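> Give me a model of this one.
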Amino acid sequence: MKFNLYEFIGVMIGDGCLMDYPHLRAYRVEITGNVVEERNYYEKISIFLQKEFNLTPKVFERSYKDGSKGLKLIVNNKKFVYFLKNEYGFTNNKTYTVEIPNHLMTWEKSKHVLRGIFETDGCLYFSKSKVTTNKPTYPRLEITTVSIKLANQIIKILKENGFSVQNHKNRSSIVIYLSGTEMLQKWITEIGFSSEKNWSKYLLWKKLGYYIPRITLPERLSLLEGECSQIIPEII
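All right, here's what the predicted structure looks like:
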């Protein structure tokens, strides 16, 4: 499952920021993520942008005032900024209005967009099942957004393609989720994961029959003892 332009658009919808300030001569694309969990995925994005657009992205760590660290990918390129604006409708302030472009709503394209959105704004987690065990065995995929239009699009795409979708509203966001093993397997078969972060969670759950909460990517990879390498090279 090779990284492609449609997945990149999904990444931009999820965690991307476009800066177009002619008066400052500032034209930038910026994506933010988790230093520990997402470095591999950001390197993959960087390689894609180099190969497909002849760009020179920078991936680096950034320290914040509260002592935490974040991961950033930036591209300073006016032509690329206007490509994303003109072809896919990205703007400087997209948070509450972002949506999937209409010409990407077909399943052959939107499934890749959804994968990019999930890798940035989604979460795979496991809850305890009172029926069988007190360990986290029950899977759920979750996407959170503050854009009502985007939420409706995601729900529509998933329902039209046979997914059992649920959603609820928090004070400031909409949470969309798929629950249970059947929906997880359907997601993997038809949409897939594209990062070590999510593949390692899934493979650890498959190996143990349950998930271990609050462990990092390096800890998951250690417990898998190389099993992740059977899949990860195929998606880079």
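> Strands along this protein, start to end?
For the chain, the strands defined by DSSP state E occupy 16-21, 26-33, 58-63, 69-76, 122-128, 136-145, 166-169, 174-179.
> Tell me which of these lies nearest to Val98.
strand 136-145 (7.9 Å; C-beta to C-beta). To be clear about C-beta, it is placed using only N, CA and C from the backbone, and glycine gets the same treatment.
> from the chain's centre, how far out does that closest one sit?
Distance of strand 136-145 from the chain centroid (C-alpha atoms, centre = their mean, to the nearest Å) equals 13 Å.
> if I look at Ser200, how far off is Leu124?
Ser200 sits at a distance of 10 Å from Leu124 (criterion: C-beta to C-beta, to the nearest Å).
> ok so, going back, would you mind giving the strands of the chain as TSV with mean pLDDT, mean neighbour count and distance to Lys207 added?
Converted to TSV, the strands of the chain look like this (pLDDT from 0 to 100; neighbours: other C-beta atoms under 10 Å; distance: least, C-beta to C-beta, whole Å):
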stretch	mean pLDDT	mean neighbour count	distance to Lys207
strand 16-21	95	16	33
strand 26-33	97	19	26
strand 58-63	95	11	30
strand 69-76	96	17	27
strand 122-128	96	17	13
strand 136-145	97	19	13
strand 166-169	96	12	28
strand 174-179	98	18	21
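> so how far is Tyr177 from Ser164?
Here the criterion is C-beta to C-beta. By it, Ser164 lies 10 Å from Tyr177.
> cool, and Ser127?
From Ser127 across to Tyr177, the span is 11 Å (C-beta to C-beta).
> how about the helices in the protein?
Under the criterion DSSP state H, the chain contains helices at 5-15, 35-53, 78-88, 107-121, 148-160, 181-190, 196-208, 217-224.
> quick one: average pLDDT of the fourth one?
Put plainly, it is helix 107-121. Averaged over helix 107-121, pLDDT sits at 98.
> tell me the centre residue of the protein?
Against the mean C-alpha coordinate of the chain, by C-alpha atoms, centre = their mean, the closest residue is Glu119 at 1.6 Å.
> Tell me, what's the model's pLDDT at Cys228?
60.
> Run a quick neighbour tally on Lys78.
Counted with other C-beta atoms under 10 Å, residues neighbouring Lys78 total 13.
> Against Leu150, how distant is the closest residue to it other than its chain neighbours?
The shortest distance from Lys78 to any non-neighbouring residue, by C-beta to C-beta, 6 or more residues apart in numbering, is to Tyr27 (3.9 Å). Separation of Tyr27 from Leu150 (C-beta to C-beta): 24 Å.
> How is the chain divided into domains?
Segmentation of the chain into domains, based on automatic domain parsing, reads 5-108, 118-235.
> who touches both of Ser127 and Tyr177?
Residues touching both Ser127 and Tyr177 (C-beta atoms under 8 Å, 6 or more residues apart in numbering): Arg140.
> which residue packs closest to Tyr211, ignoring adjacent ones?
Spatially, and ignoring its direct neighbours in sequence, Tyr211 is nearest to Phe126 (3.8 Å; C-beta to C-beta, 6+ apart).
> List the beta-bridge partners for the one you found.
Beta bridges link Phe126 to Pro139, judged by DSSP bridges.
> so it makes contact with Ile212?
No. Look at Phe126 against Ile212 with C-beta atoms under 8 Å: they stay out of range, at 9.2 Å.
> which residues are in contact with both of these two?
The overlap between the contact sets of Phe126 and Ile212 (C-beta under 8 Å, 6+ apart) consists of Pro136.
> Thanks a lot, see you next time.
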